[in-house]
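J.: Sequence and computational prediction follow.
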Amino acid sequence: MGRNRRAPAAATPATKTCERCGRTIEWRKKWERDWDGVRFCSKACRSTKLTATDHRIETTIVELLEQRRRGATICPSDAARGLEADEDAWRALMEPARQAARRLVAAGTVEITQKGVVVDPSTAKGPIRIRLAEGG
């Protein structure tokens, strides 16, 4: 009677955050032997290193939030516009601003919200807002 029982599945390691884009890296069987060395979610992230602009966006997000009252939020476009004064050039910084926000979430500095509710930054679709983390 007990022959067809499966062995309990081994516990999968905790998820990680991609160093480049800030998205969640899900554990995969092929990474079993080198899970500690996994730092990026994809080949694209592995081949594109963080730039000085990426770090400036993170700094801008934190500075903008610190200038506001506790619990106030900003849009990633506020940070993009803070770096690029040209009327249309800031749009190219929108995805880097969202990535910077995700990295700051992983660091515990900020939270990403939608309609006032904290959401998982890896799965958030559509407009997001950024606020300082409760403990931060």
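T.: That came through fine.

J.: Please give the element, helix or strand, for A97.
T.: If you go by DSSP states H and E, A97 is part of helix 94-107.

J.: likewise E63?
T.: Using DSSP H and E, E63 maps to helix 52-66.

J.: tell me the angle that helix makes with helix 94-107.
T.: Relative orientation of helix 52-66 and helix 94-107, computed by axes from the mean of the first three to the mean of the last three C-alpha atoms, to 10 degrees: 70 degrees.

J.: Tell me the helix or strand right after helix 52-66.
T.: Later in the chain than helix 52-66, the nearest helix or strand by DSSP H and E is strand 73-74.

J.: quick one: strands adjacent to that next one?
T.: Using DSSP bridges, the strands paired with strand 73-74 are strand 129-132 (antiparallel).

J.: Return the set of buried residues in the helix holding E63.
T.: Residues of helix 52-66 classed as buried: D54, R56, I57, E58, T60, I61, V62, L64, L65 (neighbour count, 16 or more other C-beta atoms under 10 Å). For glycine as for every other residue, the C-beta is placed from the backbone atoms N, C-alpha and C.

J.: ok, the residue nearest to the spatial centre of the chain - contacts?
T.: The residue lying closest to the centre of the chain (C-alpha atoms, centre = their mean) is R102, at 1.8 Å. R102 sits next to T17, C21, G22, R23, I112, P121, S122 when contact means C-beta atoms under 8 Å, 6 or more residues apart in numbering.
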